[in-house]
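Enquirer: model the structure of this input:
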Amino acid sequence: MLGDSLFAVNRTINQSVGDQLERQLGEQVIDRSVLGAPFLSDDGKTGIQGQYFAGNWDWVVINGFGNDVLFGCGCGSCDSVLNRLISRDGTQGQIPDFVARVRASGARVIYSGYLRTPGFRAPIESCGPIGFDMDRRLAAMAARDPGVVYLSMANVVPSGDSSYHAFDVIHPSAKGSGAIATRIAAVIKAN
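Expert: Numbers count the residues shown, from 1 in each chain. All right, here's what the predicted structure looks like:
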């Protein structure tokens, strides 16, 4: 698992996405996600891209772009940041390039989206439209390769149910991490 706080949060209580995925699958999960990690990298060797190391992986589960948007454009006018990450058609940018590199190893890839906060306000509410735009871009990338699955998390949280989020209303609670792990596990078990 490679990513940012979506995956890394709740690790100290053994309830991160990776911890719960490992229990659900009954398989070892190596989770290299890091709180605050950006995806964009000048050299492809730092941030989320730098978490990857070659191996005989069946699956590589990735998330990331939230910190690039939050700190790169403040959830405002983000076209240049989004296009550096992934083009509208999903064919160009650092995300498709990195996913292609991982796929070249023979591993299948699950790219995870982010939870939303329907029915209640969150500090990053203004990022919502960008999240849906990224969902479309990442889905277009995945549609081009049967070894890549884009897994949206946009409808995980029932409207008005804040129990899927931590107190900051940005990161997942242990329950939210479990719901993400369940979606990922379902894809892996089905394939």
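Enquirer: from residue 154, how far off is residue 181?
Expert: From residue 181 across to residue 154, the span is 17 Å (Cβ to Cβ, to the nearest Å). All C-beta atoms are positioned from the backbone trio N, CA, C, and that covers glycine.
Enquirer: for those two, indicate the residue with more neighbours.
Expert: Neighbours were counted for residue 181 and for residue 154 using other Cβ atoms under 10 Å; residue 181 has more, 26 against 14.
Enquirer: quick one: the strands in this structure, in order.
Expert: 59-63, 108-112, 148-151 (DSSP state E).
Enquirer: any idea which of those is most buried?
Expert: strand 59-63 (a mean of 24; mean count of other Cβ atoms under 10 Å).
Enquirer: and the angle for it with strand 108-112?
Expert: Going by axes from the mean of the first three to the mean of the last three Cα atoms, to 10 degrees, strand 59-63 is angled at 20 degrees with respect to strand 108-112.
Enquirer: got the strands of the chain as a markdown table, with distance to residue 70 and mean pLDDT columns?
Expert: Output for the strands of the chain, formatted as a markdown table (distance: least, Cβ to Cβ, whole Å; pLDDT from 0 to 100):
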| stretch | distance to residue 70 | mean pLDDT |
| --- | --- | --- |
| strand 59-63 | 14 | 98 |
| strand 108-112 | 17 | 98 |
| strand 148-151 | 21 | 98 |
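Enquirer: same list (the ones you listed) but as JSON lines, adding distance to residue 93.
Expert: Putting the strands of the chain into JSON lines (distance: least, Cβ to Cβ, whole Å) gives the following:
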{"stretch": "strand 59-63", "distance to residue 93": "14"}
{"stretch": "strand 108-112", "distance to residue 93": "13"}
{"stretch": "strand 148-151", "distance to residue 93": "14"}
